[in-house]
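Colleague: Here is my input, please return the structure:
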Amino acid sequence: MIPEARLGLLGLGMRAGQVVVGTNGVRAALQRGEIAAVIVADDCSPRTEDKVVRLALASSVPVLVGPAARALGSRLGRSPIQAVGVRDAQLAAGLTAAGEPADSRRT
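Modeller: So this is what the prediction gives:
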């Protein structure tokens with residue numbers, strides 16, 4: 001799980017336009033090769049796992065487990081969010097340095 005202190009980086013990335021929010025948006029950005037890391041809610045749906053996690057892992061994009069969808073959305077000023085994609089490589093590196101890889105728990 002990503003430490004709470006690191007989640008603040010997502011807010012900065014969002015303000016900088018370097019974060020994609022939502023399963024469909026993250027999936028589309030992954031297909032275009034625009035995503036450096038993916039964060040999924042620890043209570044994400046099987047659909048999100050199938051559509052986002054599998055695609056990210058197949059594309060060698062790190063997938064991290066975040067807090068519950070409600071907490072992840074709240075952190076970004078949104079309704080519950082199951083998946084977030086990070087475009088910026090340095091921001092992704094900062095998040096992955098402290099996060100738990102999803103492939104150790106999923107798929």
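
Colleague: what about the residue nearest to Asp88 when sequence neighbours are not counted, distance to Ala58?
Modeller: Nearest non-adjacent residue to Asp88, counting by CB to CB, 6 or more residues apart in numbering: Gln18, 4.0 Å away. (Each C-beta comes from the backbone N, C-alpha and C, glycine too.) Between Gln18 and Ala58 the distance is 23 Å, computed by CB to CB, to the nearest Å.

Colleague: So the two - more neighbours on which side?
Modeller: Set Gln18 next to Ala58 and count neighbours by other CB atoms under 10 Å: Gln18 wins out with 19 against 10.

Colleague: confidence score at the residue lying closest to Ala41 once chain neighbours are set aside?
Modeller: Excluding its sequence neighbours, the residue lying closest to Ala41 (CB to CB, 6+ apart) is Ala69, at 3.8 Å. Ala69 is assigned 96 on the pLDDT scale.

Colleague: Then Ala5?
Modeller: On the pLDDT scale, Ala5 is placed at 75.

Colleague: and the host helix or strand of it, which residues are buried?
Modeller: Applying DSSP states H and E as the criterion places Ala5 in helix 4-15. Across helix 4-15, burial judged by 16 or more other CB atoms under 10 Å covers 6-7, 9-10, 13-14.

Colleague: middle-most residue in the chain, spatially?
Modeller: Here the mean C-alpha position of the chain is nearest to the C-alpha of Ile39 (CA atoms, centre = their mean), at a distance of 1.9 Å.

Colleague: State the three-state secondary structure for it.
Modeller: strand (DSSP: H, G, I helix; E, B strand; the rest coil).

Colleague: ok now do it, which residues does it touch?
Modeller: Listed by CB atoms under 8 Å, 6 or more residues apart in numbering, the contact set of Ile39 reads 2, 10, 63-66, 72, 83-86, 95, 99.

Colleague: Equivalent analysis for Leu30, please.
Modeller: 38, 52, 55-56, 59, 61, 85.

Colleague: do Ala68 as well
Modeller: So Ala68 contacts 41-43, 80 (CB under 8 Å, 6+ apart).

Colleague: Spatially nearest residue to it, not counting backbone neighbours?
Modeller: Nearest non-adjacent residue to Ala68, counting by CB to CB, 6+ apart: Asp43, 4.9 Å away.
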